[in-house]
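Peer 1: coords please:
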Amino acid sequence: MATEPQESATRLAAETWESLFRTQVAVMRKLQTGTAFKALPVNEYDVLFNLSQCPSGWLRLNELNDHVLLSQSSLSRMVERLEKRGLVERTTAPEDGRGVLLSLTEAGKELQREVGRSHVRDIAGIVKPALTPAEQRELRRLTDKLRASLQHR
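Peer 2: Coordinates of the predicted model:
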């Protein structure tokens, strides 16, 4: 009987994760059918978005890999495709000569902004009818707290 509270806490954690995961999958499926991702697949947008968030304008390939749900080899191939399309620029890191630095080209910045505006409207169309502003802030607080706890482990 001593393990019952532990099992219950474990079950609750698993059910919480399952709910979060299934909600994320359902939201992403809905977003992928929206207007934003007609011009650019969601994984490519994710790369452009993450590059747009870099204050220096440049991000190492391995750092970008920490922010996307792609394997290193898949990300490298995607970056090659984005570079050929003129959306991403790649250069060698000056401090070590082995690292790869990435940045958005002007065309990449414009496409990211264009898709981003549409994406934000699609997100609002899903979230605003379902959650009050207070619930949205609470959900953000909880997800930020969970993500932060992983960064300290």
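Peer 1: State the helix or strand in which residue 119 lies.
Peer 2: Taking DSSP states H and E as the definition, one finds residue 119 inside helix 106-130.
Peer 1: elements contacting that helix?
Peer 2: For helix 106-130, the packing partners by 3 or more C-beta pairs under 8 Å, 6 or more residues apart in numbering; DSSP states H and E come out as helix 4-32, helix 42-52. For glycine as for every other residue, the C-beta is placed from the backbone atoms N, C-alpha and C.
Peer 1: Tell me which of these is the most buried.
Peer 2: helix 42-52 (a mean of 19; mean count of other C-beta atoms under 10 Å).
Peer 1: How far away from the center of its chain is the helix or strand that that one is followed by?
Peer 2: Toward the C-terminal end, the helix or strand that comes next after helix 42-52 (DSSP H and E) is strand 59-60. Distance, stretch centre to chain centre, for strand 59-60: 16 Å (C-alpha atoms, centre = their mean, to the nearest Å).
Peer 1: Name the surrounding residues that touch strand 59-60.
Peer 2: 50, 51, 93, 99, 100, 101, 102, 103 (C-beta atoms under 8 Å, 6 or more residues apart in numbering).
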